[in-house]
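K.L.:
here you go, sequence then predicted model.
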Amino acid sequence: MDIVIPEILCIICSFLDIDDVRRFRLCCRAFADAGACFVHREIIFYLHQDDFDMLRRISLHPIASRNVHSLVYIGHTLGPPKKSPGEFFDDYNTIQTAETIRAQRMGEQIPLRKTKGKLMELYKGYETTIQQEERLARNNEDFSCLKEVISRFKSLQEITLSCEFWFWGGSTKTPYDDCLASPGANIKPMGCRQLDSLLSAVFETDIKLKRLTAGTFNWQFFQKPPAELRRAISSFSDLTCLELCIGTGMDEYAVSDAGDVETGTEIPRCRRLLRTGLLRDFLKSLTQLRTLYVVFDWHSEEHGYAARLEHIMEPNYRWKHLENLTLGNITCERRDLMSMLKRHKGTLSELCLRDIRLRSTSWLLLLPRIRRILNLDLACICGELYGQEETTPYYDEYWDLAVPEAIDDPLRAEVNEYLVDKNIKHCPLNMYNSSFD
C-alpha cells in the first residue's frame, strides 16, 4: 500500500461516516494514518478513568492529536453520594419492574431477573468506578489531565460541556453502562468543576476557540475575581458562537409522600451578581459573535427572573456580525427589546425568545413590530410569555406556547410562521387565546 498517495486516502475518508472510517483504519498502517485525520475530530468523554486514558492516547498520537477539532465533556457522574448495596438493589428492582411493565405492554419477552450473586458482582463494579471518580476529583486529576492533553490539540476550535443533556443529542452510550446505575449531574455546583477544568486548560495554551457551548452550569461559575475573568477574554476573542444555559438552583423535597420540585431557588443571588455587569461586559468583549445563546433554566413565582435584558446586553451596543440570537428566562420591556433588535436588523436572521416576561408592555404590540423591522429566516417564540396591555384597564397577558423540545404546539407554530411570512396579515396571539392570571 506504499504506492497509494496519502492525500487520496484522506479524500476517501472524507466521504465516509465515522464508523466506516474506523473499519477503514483496520486495513493497514497507511489506512490507519489517513483515518486518524478524521476519526477523532470530535471526542466525547466523561469524568472516568478510561476516558482520560483515551484522551492521553489520542493526544500522544502524532496525527490524531493534530486533527482534534472538538471536545464534548458530558458532566455526568455516578456520585456523590455512593449508594449502599441496599439502595443499589432497590434501584435495580425499580428498573426491573419498569422494564417488565414495558415488555408486557409491547408484547415482548419479559427480561430475566439477575441473581443476587450477579447483582453483588455489578455492585462491586459500581463501587470501583465511583471510587475512581472520587480519586480523580480529590487529586484534581481531571484538571491535570485536561491541561496535559489540550496543550497537544493544536487544532482545537470547539468545546462543549453538557449537563442534563443540554446541547447534546448524540449517543446515549456511557462508560457506566456495565455498572447498572445511571449517571447524573451529581457534582455540585452543577457543571462548574467540569467547565473550570476545560477552560483553565485552554487558558494555559495559545488556542483561540471559535465555539463555546456550556449548559447547564450553575451561575456560581461566574463568582470569580475580576482579574481572572479578564484573563479569560484573550482565549475567547475569536469566538463566533457562544451558547450558555445557566442554572439558577433547584430543590427537591417530599410533600405527602410525593416528590416535588422547587425551581429557581438561587435567583436572588444570581440576579445580584448579574447586576454588576460581569456577564454583560464579557459578552460585549466578544466582537466576532455570529451566534449568541443565553438562557437561564428557570424562573419562579416567588423569586422572579434571574436577569433583565440590560444585565446581558449593553444598551446601544451592537455585534456587527450577529446572525442568530436566543434569549431565555429574562425580563425586559418591549421598547428595550425592540431597540436591541433594531440595532441588529442588518445581520439578524434567526431569533428565539423563550420564557420572556415583558414587565408592563404588550406582546400584541411587540410581535407585529418584530415582523415589520426584521427579515427573519427562522423565528421561535416559545415557552411562557408574560405581558400587560398598554391601555386601560391594563389586563395581564399570558400564553404558554411550550418549548419545542417538550411538545408540539399549534399556536406556537402559527406565531413563528407569522414572524417569517409577511403575507400573513394578523398576529395569531390575541386577548381571546390569552390566559389571565
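P.N.:
It's in. Keep in mind it's a predicted model, so treat the numbers as computed, not measured.
K.L.:
pLDDT score assigned to residue 301?
P.N.:
With respect to pLDDT, residue 301 scores 86.
K.L.:
mind checking how far it is from residue 125?
P.N.:
The gap separating residue 301 from residue 125 is 44 Å, by Cβ to Cβ, to the nearest Å. Heads up, the C-betas are built off the backbone N, CA and C, glycines and all.
K.L.:
and for residue 389?
P.N.:
61 Å.
K.L.:
name the residue in those two with the higher neighbour count.
P.N.:
Each of residue 389 and residue 125 has its neighbours counted (other Cβ atoms under 10 Å); residue 389 has more, 18 against 15.
K.L.:
now the more buried one: closest residue in space that isn't a chain neighbour?
P.N.:
Leaving aside its sequence neighbours, residue 389 sits nearest to residue 395 (Cβ to Cβ, 6 or more residues apart in numbering; 4.8 Å).
K.L.:
what about the one you found, neighbour count?
P.N.:
15.
K.L.:
phi, psi for it please.
P.N.:
phi -60, psi 150 (degrees, to the nearest 10).
K.L.:
hmm, it is touching residue 364, no?
P.N.:
No - checked against Cβ atoms under 8 Å, the pair residue 395 and residue 364 is beyond contact range at 10.7 Å.
K.L.:
what touches both of the two?
P.N.:
Common neighbours of residue 395 and residue 364, counting by Cβ atoms under 8 Å, 6 or more residues apart in numbering, are 389, 431.
K.L.:
ok, the residue lying closest to residue 41 once chain neighbours are set aside - contacts?
P.N.:
Counting by Cβ to Cβ, 6+ apart, the nearest residue to residue 41 once its immediate chain neighbours are dropped is residue 69, at 4.8 Å. The neighbours of residue 69, taking Cβ under 8 Å, 6+ apart as the test, are 41, 42, 155, 156, 157, 158.
K.L.:
what of residue 169?
P.N.:
Contacts of residue 169 (Cβ under 8 Å, 6+ apart): none.
K.L.:
for residue 210, same thing?
P.N.:
So residue 210 contacts 157, 158, 238, 239, 240, 241 (Cβ under 8 Å, 6+ apart).
K.L.:
next, count neighbours for the first one.
P.N.:
Residue 157 is flanked by 17 other residues according to other Cβ under 10 Å.
K.L.:
contacting residues for it?
P.N.:
Contacts of residue 157 (Cβ under 8 Å, 6+ apart): 69, 70, 209, 210, 211.
K.L.:
can you count the residues close to the last one?
P.N.:
Looking back up the chat, that one is residue 211. For residue 211, the neighbour count with other Cβ under 10 Å is 18.
K.L.:
what is the burial count for residue 123?
P.N.:
Using other Cβ under 10 Å: residue 123 sits among 20 other residues.
K.L.:
helix or strand: which one has it?
P.N.:
Taking DSSP states H and E as the definition, one finds residue 123 inside helix 116-138.
K.L.:
can I assume residue 310 is in contact with residue 339?
P.N.:
No - contact criterion Cβ under 8 Å: residue 310 and residue 339 do not qualify, at 10.8 Å.
K.L.:
circling back to that earlier point, could I get the contacts of residue 69 as CSV with distance to residue 78?
P.N.:
Listed next are the contacts of residue 69 as CSV, based on distance: Cβ to Cβ, whole Å:
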residue, distance to residue 78
41, 29
42, 24
155, 32
156, 28
157, 31
158, 27
